[in-house]
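> just coords:
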């Protein structure tokens, strides 16, 4: 909470903390033949904080149906992976490089609305003659809503049709162009 207080400056105090986050990450940064650089990471994390369950009350019943105070969960965790691999090196002027990327994360389904994110795409540097500093990219991604939350929304609608919007996932696509004027 203190990290967002502009009067605190550069504050490394743990006062008011809810818990401790412990990440572990493995990195591999190979260079393939022809000097094609890559970066690969996988990691896990665990946090010791207490958070309210996204679905259940203290009696173990869905709050949206039975009401009540949320069940408190101790300890949260997640896993993630990132990859970036050059497929073609840029020329001396920076043009012609092609890089693929991939990102994914899965988090604790007891306390979060979104349980996973996955996406990937391609970046091309200098896509047009005379424009070596420009970049074009295409990406696609998917965000999944917690299946436990989706199930409760479906149950709400069985009880009273139209009572809840059932959320499942969202897929997005992005086409990007970065223009370097000088």
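Looks like it came in fine. Every value quoted in this text rests on a predicted model; they were computed, and no experiment measured them. Residues are numbered from 1 along each chain as shown.

> what ranges do the strands span in the chain?
When assigned using DSSP state E, the strands of the chain occupy the ranges 21-28, 31-32, 36-57, 70-88, 98-107, 114-125, 135-145, 169-178.

> Mind giving me the packing neighbours of the second one?
Going back to what we said before, that points to strand 31-32. Of the remaining helices and strands, those touching strand 31-32 by 3 or more C-beta pairs under 8 Å, 6 or more residues apart in numbering; DSSP states H and E are strand 36-57. C-beta: built from backbone N, CA, C; applies to glycine.

> If you count neighbours, what's buried in the strand it packs on?
By 16 or more other C-beta atoms under 10 Å, the buried positions in strand 36-57 come out as 36, 38, 45, 47, 51, 53-57.

> Same question for stretch 20-35.
Using 16+ other C-beta under 10 Å as the test for burial, stretch 20-35 gives no buried residues.

> Averaged pLDDT, that stretch. What do you get?
For stretch 20-35, the mean per-residue pLDDT is 92.

> Tell me the one of the buried residues of strand 36-57 nearest residue 103?
Closest to residue 103 out of these is residue 38 (14.3 Å), distances taken as C-beta to C-beta.

> ok, and the closest non-adjacent residue to that closest one?
For residue 38, the nearest residue in space outside its immediate sequence neighbours is residue 85; the separation is 4.1 Å by C-beta to C-beta, 6 or more residues apart in numbering.

> same check, this time on residue 70
Distance criterion C-beta to C-beta, 6+ apart; nearest residue to residue 70, sequence neighbours excluded, is residue 52 at 3.6 Å.

> who's in contact with that neighbour?
Residues near residue 52 by C-beta atoms under 8 Å, 6 or more residues apart in numbering: 70-73, 111.

> Quick check on those residues: which are buried?
Buried by 16+ other C-beta under 10 Å: 71, 73, 111, out of the contacts of residue 52.

> Got phi/psi on the residue in the chain sticking out farthest from the centre?
Among the residues of the chain, the one whose C-alpha is farthest from the average of all C-alpha positions is residue 130, by C-alpha atoms, centre = their mean at 35.6 Å. According to degrees, to the nearest 10, the main-chain angles of residue 130 amount to phi 80, psi 0.

> Give the residue spans of this structure that score low on pLDDT.
When the per-residue scores of the chain are filtered using pLDDT under 70, the ranges that remain are 1-4, 11-14.

> quick check: longest helix of the chain.
Ranked by residue count under DSSP state H, the longest helix found in the chain is helix 147-159.

> Tell me the helices and strands packed up against that helix.
By 3+ C-beta pairs under 8 Å, 6+ apart, helix 147-159 packs against strand 36-57, helix 63-66.
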